[in-house]
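Undergrad: quick check, what structure comes out for this input:
(one chain, ligands or ions: 1)
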Amino acid sequence: MMDGHEVTVVDNFFTGRKRNVEHWIGHENFELINHDVVEPLYIEVDQIYHLASPASPPNYMYNPIKTLKTNTIGTLNMLGLAKRVGARLLLASTSEVYGDPEVHPQNEEYWGHVNPIGPRACYDEGKRVAETMCYAYMKQEGVEVRVARIFNTFGPRMHMNDGRVVSNFILQALQGEPLTVYGSGSQTRAFQYVSDLVNGLVVLMNSNVSSPVNLGNPEEHTILEFAQLIKDLVGSGSEIQFLSEAQDDPQKRKPDIKKAKLMLGWEPVVPLEEGLNKAIHYFRKELEYQANNQYIPKPKPARIKKGRTRHN
Ligand SMILES: O=c1ccn([C@@H]2O[C@H](COP(=O)(O)OP(=O)(O)O[C@H]3OC[C@@H](O)[C@H](O)[C@H]3O)[C@@H](O)[C@H]2O)c(=O)[nH]1
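TA: Numbers count the residues shown, from 1 in each chain. Modelled structure (predicted):
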């Protein structure tokens, strides 16, 4: 919008919130539509960032059929829209297409190691078939597609109940509650800050690279190291609590971003601690906001009907 583009945001608010975009309402280049991409959409656009789908494991597992519909029917609808109006479509794919990887770090050539009937399948298989659909539309219909394989990302405006590790650990540390580590904490992840991702998506959309590109920050940590780091940054006295391991949890993950560097001239620039401090600041403010704006219903006085005796 700052570059002068007109932007239409389409959201069904399953995991998104109006508060995340309300500061743009009234801007002449901004429009917000409450719509679910599982239903067809008829608008005129030049570019489509197809970002729909819950991305947090507890959210996408909450309603696996809906997650599948969003990633399959939703993607078909967006590709159909792209075909009708001649728009370019960028699919937000995921590092989860690599499953529990046997190749480390993961480059775009790797086909992945995914359990097709496991609890994560609605999301990782959903995104895999979404990629397949993009290339079918490209080959058969000439639709221009871009595919970003997004690795773990965090930042302000994540939902308090998102359930992914960064928001969980920060909120737990801020509230003095135990930091919940699933399994031994030896599994690894690499986290990128949201502004790096957004820059990567825009560069990819406007590039001529139609094959999949990893977007992520390759700085890898174990989840236990990560818990300790967040505790230290918050200055929290919280304990670390070990809970049972999540089923099919990928044991290691780290992006190989050579392709993005070479073909897009993109790489993450926000250091992990700087990004975490921004997220911590955001969640601290959110907790204050919640404490000041909580609606506490007053108990209603019991209504006593005259002239009748109650028998229990
Ligand atoms: O409270 C928690 C939450 C999570 N974890 C662990 O932390 C690691 C990261 O878990 P998250 O839920 O944040 O994210 P995952 O890496 O499992 O999945 C993510 O992958 C990349 C994206 O496509 C998606 O955002 C999401 O599916 C996992 O090993 C998980 O078991 C905890 O130890 N404690």
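
Undergrad: any idea of the mean pLDDT for stretch 86-106?
TA: Average pLDDT, stretch 86-106: 98.

Undergrad: relative to Gln106, how far out is the nearest residue to Pro101 once chain neighbours are set aside?
TA: Nearest residue to Pro101, sequence neighbours excluded (C-beta to C-beta, 6 or more residues apart in numbering): His113, at 5.8 Å. (C-beta placed from N, C-alpha, C; glycine too.) Going from His113 to Gln106 by C-beta to C-beta, to the nearest Å gives 10 Å.

Undergrad: more neighbours, these two?
TA: Gln106 (24 against 12; other C-beta atoms under 10 Å).

Undergrad: the closest residue to the more buried one other than its chain neighbours: neighbour count?
TA: Of all residues not flanking Gln106 in the chain, Tyr98 sits nearest, at 4.6 Å (C-beta to C-beta, 6+ apart). If you count neighbours by other C-beta under 10 Å, Tyr98 ends up with 27.

Undergrad: export only the CA atoms of stretch 99-112, formatted as PDB.
TA: Output in PDB follows, covering the C-alpha atoms of stretch 99-112 (Å, rounded to 0.1, in the frame of the first residue of the first chain):
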ATOM      1  CA  GLY A  99       8.200 -33.700   6.900                       C
ATOM      2  CA  ASP A 100      10.600 -35.200   9.400                       C
ATOM      3  CA  PRO A 101      13.600 -34.700   7.100                       C
ATOM      4  CA  GLU A 102      16.400 -37.200   6.400                       C
ATOM      5  CA  VAL A 103      18.300 -34.400   4.600                       C
ATOM      6  CA  HIS A 104      19.800 -31.600   6.600                       C
ATOM      7  CA  PRO A 105      19.700 -28.700   6.000                       C
ATOM      8  CA  GLN A 106      16.700 -28.900   3.700                       C
ATOM      9  CA  ASN A 107      17.200 -27.600   0.100                       C
ATOM     10  CA  GLU A 108      14.400 -27.300  -2.500                       C
ATOM     11  CA  GLU A 109      15.500 -30.500  -4.300                       C
ATOM     12  CA  TYR A 110      14.600 -32.700  -1.300                       C
ATOM     13  CA  TRP A 111      11.200 -34.500  -1.800                       C
ATOM     14  CA  GLY A 112      10.500 -34.900   1.900                       C
END
